[in-house]
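Novice: Any chance you could fold what I've pasted below:
(chains A and B)
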2 protein chains.
Amino acid sequence: MKIVCTKSNLLKSVNIVSKAVSSKTTLPILECFLIEAEDGVIKMTANDLELAIETIVEGEIEEEGVVAIDARIFSEIVRRLPDNDIHISTTENHQMNITCEKAKFDLMGKSGEDFSALPHIEKQNYISMSQYALREIIKQTIFSIADNDNNAVMTGELFEVKDNQFKVVSLDGFRISIRKIELKESYDDISMIVPGKTLNDLTKILSGEMEEEVRIYFTGNHLLFEFGNTKVVSRIIEGEYFKIDQMLSNDYQTKIHVNKKELLNCIERSTLLVKEGDKKPIIMNVTDENMEMKIRSSIGSMNEDIMIKKEGRDIAIAFNQKYLIEAIRVIDDEEIDIYLMNAKAPCIIKDEKESYIYLVLPVNFNPDL
Amino acid sequence: MKIVCTKSNLLKSVNIVSKAVSSKTTLPILECFLIEAEDGVIKMTANDLELAIETIVEGEIEEEGVVAIDARIFSEIVRRLPDNDIHISTTENHQMNITCEKAKFDLMGKSGEDFSALPHIEKQNYISMSQYALREIIKQTIFSIADNDNNAVMTGELFEVKDNQFKVVSLDGFRISIRKIELKESYDDISMIVPGKTLNDLTKILSGEMEEEVRIYFTGNHLLFEFGNTKVVSRIIEGEYFKIDQMLSNDYQTKIHVNKKELLNCIERSTLLVKEGDKKPIIMNVTDENMEMKIRSSIGSMNEDIMIKKEGRDIAIAFNQKYLIEAIRVIDDEEIDIYLMNAKAPCIIKDEKESYIYLVLPVNFNPDL
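Specialist: The predicted structure follows:
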């Protein structure tokens, strides 16, 4: 193999495929990139068997060939080379030579025979949206997946296409996050559970451009995200997702209309008085026009009044700060509506169109505090 | 006590004195700030018994008083408050109330009786320079202090005033760093060993302005750095510093003139082939006009040619990359001179005026590599 590409093109590809390199594995081939120079195209692939990423490297092929190379070392060398053309060649016994200006590196590669190819995906069912939209919808929901494996379904997000709407749901037993976007075209209904790790990695390599498209292809066992020169293939999580519609009620006894930033800052400040391991909730005491926010812990106490608009009954209710903060932080609206039933029932934060719905369970508290 | 100050003024002071708060101590008072509002001045102090910092907080005193307050909690609260006036008051039993806009915090403070006051310094011997100059000279030498306590003297830097020159020296047994600056006025000769931790903390609170002065006062047991509204008092390290003049020779067999950035980039790239714990030096093979830099490790090999100007004999010599990198990185000159004697003797990197001198010991290597 003999190829030439600029440092910036090579580095761009390295940064993308790196996300699918296994960090703890006993199989050395999973720590490698596969570089293929064939049919006029240079492809770089990484595959940790959960997630596979393939991308096309812009460059020139002087001689076709294939090699697998340690991903960490190769990435670090590319990162440190001068900003100029990089020449990569391999010998018959897979020794790789990397030359850039006066710098010359020799590394031992592998044949690439043991490398697991990208799973084949039937390109039938798909939906299309902007890379920006997909990245945002993941960021706005990913925080409420469960971080342990006790229930595999909770470690992923539900992707559902129905009535030309794309819905993403995550939940961890204490809260639910739901986001919806309207799709521009008409697609078949489908629903799948996508691993959280895949989605976290995706947010790092999606471009965030409104004008750039990503297509999501659904098959029985895999999902393919295709955008730019890159393909990301992920396994899906098997199982039935929770029936969340039963958990969401449109009934409420109190509706609060409040400035988002003011509320968020106040709850964030209250966390200063909470030591790790010592759970002290924030208490919201809702009366007409006013919401008193208070906390008392071994460190000290805080109380703060926030102006609100209220419909319905007065109420006192308490929450784990983290759950409220994570939900409120990803809402773009300046003013938000919070719906409450009673001190034991979940609160629901949503907009009128229900493009977002965040449900958070309250915690017990001592009302005499 | 009752004081009012803006968030930005209070935060500035908090950030300065925080450097002298003890992080691991069994004495709770060492984890506190002392806030004193007396004689029209608000002073904030922290003292971990090695290092004490006192600074003046700009603000209004409505009622005089003193309180000691947990530094971590107080800092975090100040950081998170809205950008507005902060009102701080204390009760007789040292409860502190912090109010800013609608936010109200109550914390338990202490009387401040147990707080160790700043050591008293006789303001006699001192030198003066710009905060920028002091910060730079520390940064340009601090990396070669020893990081373990086997030899206390090596964990500090020598500050020496002689013939109106200020000289800073650090060494760790493998290398020596020396920087000198000319002082504008005439001062008494003095020499002291200053703890490395003090100096590291100082670089973070010195302003870096050419126009802003810092005065260093020397006494028997302490050093006082005075700048702006801030005083930093450090203990000194007792003992005799090494006689470094004997280690520096003006003799050489080979002199190399080389582009600093090219050399630095090359050595930095060579570190990619060095695994942690597996020490592989970089070999410099100096001939006329050319220096071949090479390394061979279990990961792979690198070699690179650098154009140089040479006086004297050809030589092959090997170094620990880290020692060369740290010295070369802090030199501002575009071109540097390296003086060599033989493959077993230290190399010296210095400018003509000897405003900087960096000495690095070579390591053994296999010349047949």
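Novice: count of neighbours near the closest residue to residue A:121 other than its chain neighbours?
Specialist: In space, not counting the residues next to it along the chain, residue A:121 is nearest to residue A:224; the distance is 4.3 Å by Cβ to Cβ, 6 or more residues apart in numbering or on different chains. Any C-beta I mention is one placed from the backbone N, CA and C, and that applies to glycine too. When neighbours are defined as other Cβ atoms under 10 Å in any protein chain shown, residue A:224 has 21 of them.
Novice: got it, and residue A:108?
Specialist: That count, for residue A:108 with other Cβ under 10 Å as the rule, works out to 14.
Novice: do the one 4 residues further on as well
Specialist: Neighbour count for residue A:112, taken as other Cβ under 10 Å: 20.
Novice: Tell me the spacing between it and chain B.
Specialist: 18 Å (Cβ to the nearest Cβ, to the nearest Å).
Novice: Just the pLDDT for that residue.
Specialist: Turning to residue A:112, the model gives it a pLDDT of 89.
Novice: about what we covered before: mind checking how far the residue nearest to residue A:121 is from residue A:200?
Specialist: Look at residue A:224 and residue A:200: by Cβ to Cβ, to the nearest Å, they are 18 Å apart.
Novice: do the same with residue A:91
Specialist: According to Cβ to Cβ, residue A:91 and residue A:200 sit 38 Å apart.
Novice: same deal with residue A:154?
Specialist: With distances defined as Cβ to Cβ, the gap from residue A:154 to residue A:200 amounts to 15 Å.
Novice: Please apply the same query to residue A:164.
Specialist: According to Cβ to Cβ, residue A:164 stands 27 Å off from residue A:200.
Novice: if we can go back for a sec, restrict the helix or strand harbouring the residue nearest to residue A:121 to CA atoms and write it as CSV.
Specialist: Assessed by DSSP states H and E, residue A:224 sits inside strand A:222-227. Taking Å, rounded to 0.1, in the frame of the first residue of the first chain, the C-alpha atoms of strand A:222-227 are listed here in CSV:
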residue,chain,number,x,y,z
HIS,A,222,-28.5,-3.0,13.5
LEU,A,223,-28.8,0.7,12.9
LEU,A,224,-26.8,2.5,10.4
PHE,A,225,-26.1,6.2,10.6
GLU,A,226,-24.8,7.6,7.3
PHE,A,227,-23.6,11.2,7.0
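Novice: Parallel or antiparallel, list what pairs with that strand.
Specialist: Using DSSP bridges, the neighbouring strands of strand A:222-227 in the sheet come out as strand A:213-218 (antiparallel), strand A:230-235 (antiparallel).
Novice: most tightly surrounded among those?
Specialist: Mean neighbour counts were taken over those using mean count of other Cβ atoms under 10 Å in any protein chain shown, and the top value, a mean of 22, falls to strand A:230-235.
Novice: following that one, which helix or strand comes up?
Specialist: Counting by DSSP H and E, the next helix or strand C-terminal to strand A:230-235 is strand A:254-259.
Novice: Packing partners of that next one?
Specialist: Of the remaining helices and strands, those touching strand A:254-259 by 3 or more Cβ pairs under 8 Å, 6 or more residues apart in numbering or on different chains; DSSP states H and E are strand A:300-312, strand A:335-340.
Novice: Secondary structure of residue A:154: a helix, I assume?
Specialist: Yes. Using DSSP: H, G, I helix; E, B strand; the rest coil, the secondary structure at residue A:154 is a helix.
Novice: Up against chain B, what does chain A have?
Specialist: Contact residues of chain A with respect to chain B, defined by Cβ under 8 Å from any Cβ of the partner chain, are listed as A:70, A:73, A:76-77, A:80-82, A:102-108, A:265-266, A:268-269, A:272-273, A:299-306.
Novice: among these, which ones are buried?
Specialist: Of the members of those, the ones counted as buried by neighbours, 16 or more other Cβ atoms under 10 Å in any protein chain shown, are A:70, A:73, A:76-77, A:80-81, A:103-107, A:265-266, A:269, A:272-273, A:299-306.
Novice: Would you quantify the distance from residue A:55 to residue B:350?
Specialist: 48 Å.
Novice: actually residue A:64, not the one I wrote
Specialist: As for residue A:64, its distance to residue B:350 is 53 Å (criterion: Cβ to Cβ).
Novice: between these two, who's got more neighbours?
Specialist: Set side by side, residue A:64 and residue B:350 show unequal neighbour counts under other Cβ under 10 Å, the larger going to residue B:350 at 19 against 14.
Novice: Quick check: the more buried one touching residue B:360?
Specialist: No. Contact criterion Cβ atoms under 8 Å: residue B:350 and residue B:360 do not qualify, at 11.6 Å.
Novice: Next, the residue most central in space within chain A: phi, psi?
Specialist: With the centre of chain A defined as its mean C-alpha position, the nearest residue by Cα atoms, centre = their mean is residue A:200, 3.2 Å away. Main-chain dihedrals, residue A:200, degrees, to the nearest 10: phi -60, psi -40.
Novice: Contact partners for the residue lying closest to it once chain neighbours are set aside?
Specialist: Among residues not flanking residue A:200 along the chain, residue A:142 sits closest, at 6.3 Å (Cβ to Cβ, 6+ apart). Residues near residue A:142 by Cβ atoms under 8 Å, 6 or more residues apart in numbering or on different chains: A:157, A:170, A:196, A:199, A:200, A:203.
Novice: per-residue confidence at the second one?
Specialist: I take that to be residue A:170. We have a pLDDT of 97 for residue A:170.
Novice: That one reaches residue A:141, doesn't it?
Specialist: Yes. Here residue A:170 reaches residue A:141: they are 4.7 Å apart, a contact under Cβ under 8 Å.
Novice: Using PDB, write down the CA coordinates of stretch A:346-364.
Specialist: The C-alpha trace of stretch A:346-364 is given here as PDB (Å, rounded to 0.1, in the frame of the first residue of the first chain):
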ATOM      1  CA  PRO A 346     -44.400  13.300  39.400                       C
ATOM      2  CA  CYS A 347     -44.000  16.800  38.000                       C
ATOM      3  CA  ILE A 348     -44.200  17.300  34.300                       C
ATOM      4  CA  ILE A 349     -42.300  20.000  32.400                       C
ATOM      5  CA  LYS A 350     -43.500  20.400  28.900                       C
ATOM      6  CA  ASP A 351     -44.300  22.900  26.200                       C
ATOM      7  CA  GLU A 352     -47.700  23.300  24.600                       C
ATOM      8  CA  LYS A 353     -46.900  21.300  21.500                       C
ATOM      9  CA  GLU A 354     -45.300  18.600  23.600                       C
ATOM     10  CA  SER A 355     -42.100  18.800  21.500                       C
ATOM     11  CA  TYR A 356     -40.500  18.100  24.900                       C
ATOM     12  CA  ILE A 357     -41.800  16.400  28.000                       C
ATOM     13  CA  TYR A 358     -39.700  15.900  31.100                       C
ATOM     14  CA  LEU A 359     -41.200  13.900  34.000                       C
ATOM     15  CA  VAL A 360     -39.500  13.900  37.400                       C
ATOM     16  CA  LEU A 361     -40.500  12.000  40.500                       C
ATOM     17  CA  PRO A 362     -40.600  14.000  43.700                       C
ATOM     18  CA  VAL A 363     -39.000  12.900  47.000                       C
ATOM     19  CA  ASN A 364     -40.300  12.800  50.500                       C
END
